[in-house]
Every structure is written in C-alpha cells, then in structure tokens.
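# let's see this in three dimensions:
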Amino acid sequence: MALPNIVLDDRSFDQLFAFMRKEIDVDVYTDHNYSDPGIVLLDLMCWIAESIIYRADRVPDGHVEKFANLILDPPEQVTVQLTLTATFAPSRTAPLIVKAGTRFATDFAPAADGAPARRIIFETIAPVTFQAPPPAVQSVLVTARECLGVKEQTLGLSNGAPNQLFPLRPVHAVIGLPPGVITPVLLDPAHTSDDYNPNPRVAVNGTPWQLKQSLRTEESWTAFHPDARHFMVDANAGAIRFGDGQFGLIPDLGAKIVCTYQVLQGPDALVPAGSVVNRLDVIAGFAAGEKIEVASGDAEGGGFFVSPELRLSEGLKRFRRPYRLITADDFEQVLRSDFNAYQDLATRAGTANRPEKILRTMVLMNHRPQARPQSSSGCVTLVVLVQKDLDLDRALTDPTLPVTAKQQLISLPEAFVAKLKRFLDKRRLITTRIFMQSPQLVPLSINVQVAIAGDRFIDDMTRIISDRIRAFFGVIAGGDDGKGWPLGGAVYRSKLFRLIEDIDGVDHVESLSLGAVETQGAVQLPGLALPALSSLVVGVERA
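Prediction:
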C-alpha cells in the first residue's frame, strides 16, 4: 500500500528567498542584486533549505524497510513432533541421552523441474533422556525443526572499514533448492548450548568469532574487552555485521570471512505424518541388540514466507491482527483467522488433505475447568468447535441422532489439542495457562403445538417451524445474534414463543414444553454446556 504524503512544510524556494531577503537590514546592506556575493550565498542557502523540506516530506525506502523490520513477523521455521521408541537390553543400567542436533530425515524424493533427488532433514532442538533401568520398550516425544545447512561459505574479504556487512547468499543448486526460493537464515539463541549451536558460525582467517545478539553492549565494548571478536546477524537483511572498532573489533584488512549457517525452507519442508523415518546420526551408548525407531506427526509452521515485493503489503495486513494474546477477543480472532490460515498452508503444501479448521471459539478468561473454585487468575479456558465433513449445526440438532454420538462429533482429538497448544504457546503471555475443553451437550426435548393460518399447508408449515427451531439452536450460526448458541446460555420459553409466532403463516402457539422446566420457564445450562435436541415434536393445526 502507498504511504500518504506528509506535508511538514510546503514553502517553495521563491517563498524562502523572499522571506529571507525581507529580513536584510536595508540601512546596512543596500545591494540586493544577484551579482552580490551575499545574495548568491542566500540563494544557495534557500536552495539547500528547499531540498531539506522536500526530503522531510517523504519517507525514504531505507526507512520504510527499517520500520518494516520492527513490526513484521519474520519467517517461521517448520517443526515436527517425533516419537522416538527405543528397545533396550535387559542388562542396561545407564540412561540413554539423545543429544540436541540429532538429525532425522525423510526418504529421498525427486524434486521438480529435473532437479536432483532431495530429502527433508530435521534436527532435534533439545536433548531427550531414556530412563534407566528402562522398561523393555520406552517412548519419548521430541520437537525437531528443519535443517538445511550451508557449510563454510566464503563471504568475501575484509576491507578494514567499520560496520562491514556481508550478505548470506547461498547457492540454491548446492543445497538442493530450486532457484528463486526465499532462504531466510535460521537464528535461535534460545536453543543454543555448548553441545548444540544452530546459529551462524563465522571464522575470520580461520579464527572463530563469537555471535552476539547486539554489539552495542559493554560485553562488546573494546575499551573493556580489547579482544571482542564479535559479530551479529541481521536476520531481516540476511547478513553478517561486524563492529566499528569501538563496539566489536574490525576484521583485519584482507581477512577472509567464512560462514557456516542454516537456512529455512518454509512450506517446502511441510511433510505429512509418517514421512520422517530415517535417523542420520549415530546415538552413542547403544548396546548390541538395542534399537531406536522414529515416528513423526504432521510438520507445522512455515508461515510468513512471502516475496520481497509482497512483504510490506502482506505484513501490514497481519500487523492489524493481534499476535500477543491478552483479551478474549484476541484469542477468538487469532484462532479463527491465523490458525485456520496455518491449516490452509499445510493443505497447500500437501501435508494434509482435509485439516481440521476452527468454526467457533468460546473463551472463558480467568477460568480453570474442573477446579474449585473455577475462577483462577491467569487461566484461560478455550472451548473450540472444529470443522467436520458434515453440517455441525444440522447434526447436533437432529433429534434422531443420539446425544452420545453428537458428543463424539465435537470431541477434540488429542493430537489436535496438542497442535493447538503449540500454536498458542508462543503467542500467550508468559503467565497465562491455557486449557482446552470440549463443550458438554445437554439433551433438550421440545414439544410444541402451533395454530397456523387457514390458507397454509400443514406439512409445509411443520417443516418450516421445525427448521426454524433447529436453526435457532445451532451452535455455529444459531442463537439470538446468529453467531452460535452462547456457552451455558439458558433456554427460555418466551424466546421460543416469539421465534415461532414471528414465522409467516403462524397464528399463535397453543402450548410449548421444554421437558424439565424450572419455575422461571427456562432450562438452565451448566457453564460449559450447549443444548442438543434429543426430541422435537411439532404439532400443527389450522386456527
């Protein structure tokens, strides 16, 4: 989108020159012609002032890019949940540790356009431990992320100047990617340890330099640390930056800069469940006859990969949506828009043919299910209804379908709950605890007798009234506002009277029963409940 022109000062050169010439003391300075050196100097200053005003009214592209780096989401790495199942010998007494950075991979598959066969490699981001003495078979769950490395790429030679910037431009053919694919650099200081370092590693003339998140710190101040061989990574620009001599040393003139780093493949690394089947690295400590097998779920992530031309426009669209989840509206909006877009990305990448998408989210703030009292600060309970292969409103209001079968329709699979929590984990406040809950369906029996106008057909009116009642109790598009029946919302006979009598052709309601009705004429639902029609009897006669 085009940025609007901001008029900070609209004075032209002629206006500036006329104003400045009027300020001259005519008793002291009498020659105002252009041949006078003083007037020439004034003319020059007004020309410079007009240029400054022109620039002040416009935002340079470089500034726009820096602002964009502050507010736009960086590309998201692809991760996969791996289940490692180990079979141990009965004699084992020591625990087995699978180190962070252990690599697993898919089988080779031919790439498009005649490119060489390639496979997607993932590496674990944290160590996992099999306990000892173990049972014969033991399983652990570990998160792994895409791993595509560029080894010892020569970035260039130092020119001895401060603040040198060396772009990271991997050769796509070398790492097996088709040309034109965006290749952001992986930067993850949170999962860096002595045994595992996925971040860029730089050597200057063969000497390793140390990565810092920023060079503007006391740690990189050469007055305190004369040997501050530090560099930083400009992730948005995809480049290595060195210091200025005051904050971080400057590489010697002519020094060779070599870097080893990893790039992100984005949606290209989204693989379906069961694809990661090979272990590439040896795990130390295995005894004879012991083995370890791997099973994988659907790969997740890969968002925010857009072309440089669309980065700003797409990023600004996302900037208008919440990311950090604070209010109930934030949770509802993010799950309906961002999570569903997240699922669509997996569909386009071929990870899943029909991923589960969220139709409706109900949020209970400061609420913890199955606790006494249920009010609990910092706890958020999410009640989620997920898309199925059928019309959920029609199914839940079908009187012929047992309530137990309806409850099964809205139950959340454990794998989906785990995926949803992983999606929300990086967006929640650090003190927020998230709980997932399926709504409880409460059987509702309705028996209504209706008198209709004499010119209407009984069969048609019976169908119309039944459909209107079923639509009213829809959990997705029902309720008073058409946004779904409210969670725990009471069923009032008065509202049903009005609903039915507002139907064209209905004269009046003779009688209406809700089964177990309270004295107020309503059926009260528990806090996490929705109504499910277990019986609907509509009797129609002409008035």
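# could you count how many residues lie near residue 82?
Residue 82 has 22 neighbours, counted by other C-beta atoms under 10 Å. C-betas here are computed from N, CA, C, even on glycine.
# swap in the one 10 residues further on?
Other residues lying near residue 92 total 17 when counted by other C-beta under 10 Å.
# sec struct for it, please.
Using DSSP: H, G, I helix; E, B strand; the rest coil, the structure places residue 92 in coil.
# so what pLDDT did it get?
Residue-level confidence at residue 92 comes out at 82, pLDDT.
# name the single longest helix found in the chain.
The longest helix of the chain (DSSP state H) is helix 37-56.
# now that one: buried residues?
Residues 39, 42-43, 46, 49-50, 53 are the ones in helix 37-56 that count as buried (16 or more other C-beta atoms under 10 Å).
# between the residues you listed, which is nearest residue 465?
In terms of C-beta to C-beta, no member of the buried residues of helix 37-56 lies closer to residue 465 than residue 53, at 71.9 Å.
# rewinding a little: could you export the buried residues of helix 37-56 as JSON lines, including distance to residue 409 and pLDDT?
Output for the buried residues of helix 37-56, formatted as JSON lines (distance: C-beta to C-beta, whole Å; pLDDT from 0 to 100):
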{"residue": "39", "distance to residue 409": "87", "pLDDT": "86"}
{"residue": "42", "distance to residue 409": "82", "pLDDT": "89"}
{"residue": "43", "distance to residue 409": "81", "pLDDT": "89"}
{"residue": "46", "distance to residue 409": "76", "pLDDT": "90"}
{"residue": "49", "distance to residue 409": "72", "pLDDT": "87"}
{"residue": "50", "distance to residue 409": "71", "pLDDT": "85"}
{"residue": "53", "distance to residue 409": "66", "pLDDT": "79"}
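# still on that earlier bit, now the longest helix of the chain - C-alpha only, PDB.
Presented in PDB, the C-alpha positions along helix 37-56 are these (Å, rounded to 0.1, in the frame of the first residue of the first chain):
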ATOM      1  CA  PRO A  37      28.100  37.600  -3.200                       C
ATOM      2  CA  GLY A  38      25.900  37.900  -0.200                       C
ATOM      3  CA  ILE A  39      22.700  37.400  -2.200                       C
ATOM      4  CA  VAL A  40      24.400  34.500  -4.000                       C
ATOM      5  CA  LEU A  41      25.100  32.900  -0.600                       C
ATOM      6  CA  LEU A  42      21.500  33.500   0.400                       C
ATOM      7  CA  ASP A  43      20.300  32.000  -2.800                       C
ATOM      8  CA  LEU A  44      22.400  28.900  -2.200                       C
ATOM      9  CA  MET A  45      21.100  28.500   1.400                       C
ATOM     10  CA  CYS A  46      17.500  28.800   0.300                       C
ATOM     11  CA  TRP A  47      18.100  26.100  -2.400                       C
ATOM     12  CA  ILE A  48      19.500  23.800   0.300                       C
ATOM     13  CA  ALA A  49      16.600  24.500   2.600                       C
ATOM     14  CA  GLU A  50      14.100  23.700  -0.100                       C
ATOM     15  CA  SER A  51      15.900  20.300  -0.700                       C
ATOM     16  CA  ILE A  52      15.700  19.500   3.000                       C
ATOM     17  CA  ILE A  53      12.000  20.400   3.100                       C
ATOM     18  CA  TYR A  54      11.400  18.100   0.100                       C
ATOM     19  CA  ARG A  55      13.200  15.200   1.800                       C
ATOM     20  CA  ALA A  56      11.400  15.800   5.100                       C
END
